[in-house]
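J.: take this sequence and fold it.
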Amino acid sequence: MSDQPTTDLRETVRERYAAAATQVADGGSTCCGPRQVELDDGFGATLYTTDERDALPAEAVVASLGCGNPTAVADLHEGDRVLDLGSGGGIDVLLSARRVGPTGKAYGLDMTEEMLALALANQRKSGATNVEFLKGTIEAVPLPADTIDVVISNCVINLSTDKPAVFAEMFRVLTPGGRIGISDVVADNELTPPQRAERGDYAGCIAGALSFAEYQEGLTSAGFENITLTPTHEVARGMHSAVVRATKRL
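T.: Alright, predicted model coming up:
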């Protein structure tokens, strides 16, 4: 973990993603369409299928900053209520809305005004009506307890400076038996926090990553069971995009 104060880290993250949203929105007004946000290998819209990308507004696709495709692993069902933590430009919310159908609902939560504005614009373009975007932080979700069937997130939890609060909030909002299907950056267990920071900065989704053992312990402490962490591809040496699954005990 960096020695930088928590409030400074959060503001650094907010500024990075506000700039990304503005870049996409500004690019959308040119003759050539939205500008692709530049990302390191292992991140971004290429992690989605062509069919998924083609079904969404271009601005939602190019604003994808994640390290995976949580909607592909979350096992969403018709009628599910889904919450996306750190929903950005809305790609995972809009994909979830299509999967859960008109009897379900997809919520997106983000702290960045610029990303929320972009997400709302993308919702209007997509015509999705079973979607709601909320402003707030993933450490204090503005939803009642026991109201969500599935929590998803795409490379956002590693950006939190209070991960136990995030895990507790996921557990709180889920219904008994509810589940999580998350993509996140996770470090090999032998890497120390300073070694993780050597591989990338905090806002770049590297320095703040938990190890596999730390992630498992954090979810267990929050009350989750049936926890699995499955690495999918390396995003830096000893740092992996991983699929995280778990259920809230009945």
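J.: what ranges does the chain have for its strands?
T.: Counting by DSSP state E, residue ranges of the strands within the chain are 81-85, 105-110, 131-135, 148-154, 174-187, 210-211, 224-236, 239-248.
J.: could you export the ones you listed as TSV, including mean neighbour count?
T.: In this view, the C-beta of every residue, glycine as well, is placed from N, C-alpha and C. Listed next are the strands of the chain as TSV, based on neighbours: other Cβ atoms under 10 Å:
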stretch	mean neighbour count
strand 81-85	28
strand 105-110	27
strand 131-135	17
strand 148-154	26
strand 174-187	22
strand 210-211	21
strand 224-236	16
strand 239-248	22
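J.: low-confidence regions, the protein specifically.
T.: For the chain, applying pLDDT under 70 flags the ranges 1-7, 14, 17-18, 21, 23-66.
J.: re the thing from before, and of the strands of the chain, who's closest to residue 95?
T.: Nearest to residue 95 among the strands of the chain is strand 105-110 (8.5 Å), distances taken as Cβ to Cβ.
J.: sheet partners, orientation included, of the closest one?
T.: Strand pairing for strand 105-110, determined by DSSP bridges: strand 81-85 (parallel), strand 131-135 (parallel).
J.: please state the offset of the first one from the chain centre?
T.: Translated: strand 81-85. Here the centre of strand 81-85 is set off from its chain's centre by 10 Å, with Cα atoms, centre = their mean, to the nearest Å.
J.: by how many degrees do that strand and strand 148-154 diverge?
T.: With axes from the mean of the first three to the mean of the last three Cα atoms, to 10 degrees as the basis, strand 81-85 and strand 148-154 are set at 30 degrees to each other.
J.: run through who's touching strand 81-85.
T.: The set of residues external to strand 81-85 that reach it, using Cβ atoms under 8 Å, 6 or more residues apart in numbering, is 70, 74, 76, 92-93, 96-97, 100, 104-109, 138, 141, 143, 147-154, 156-157, 166, 170, 173.
J.: and of the strands of the chain, who's closest to residue 199?
T.: Comparing the strands of the chain against residue 199 with Cβ to Cβ, the closest turns out to be strand 224-236 (4.1 Å).
J.: and the contacts of that closest one?
T.: For strand 224-236, the external contacting residues (Cβ under 8 Å, 6+ apart) are 40-43, 67-68, 167, 171, 180, 183, 185-186, 199-200, 205-206, 212, 215-216, 219-220, 240-249.
J.: could you redo the last one with a cut-off of 7 Å?
T.: When contacts are defined by Cβ atoms under 7 Å, 6 or more residues apart in numbering, strand 224-236 is touched by residues 40, 42-43, 67-68, 171, 185-186, 199-200, 206, 212, 215-216, 219-220, 240-249.
J.: again with stretch 190-199
T.: 1-2, 187, 206-207, 209, 211, 236-239.
J.: and it, end to end?
T.: For stretch 190-199, the first-to-last residue distance is 14 Å (Cα to Cα, to the nearest Å).
J.: that stretch: which residues count as buried?
T.: Residues of stretch 190-199 classed as buried under the neighbour-count rule (16 or more other Cβ atoms under 10 Å) are 191, 193, 196-197, 199.
J.: can you put the residues you listed in a markdown table and add distance to residue 121?
T.: Putting the buried residues of stretch 190-199 into a markdown table (distance: Cβ to Cβ, whole Å) gives the following:
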| residue | distance to residue 121 |
| --- | --- |
| 191 | 39 |
| 193 | 38 |
| 196 | 35 |
| 197 | 35 |
| 199 | 34 |
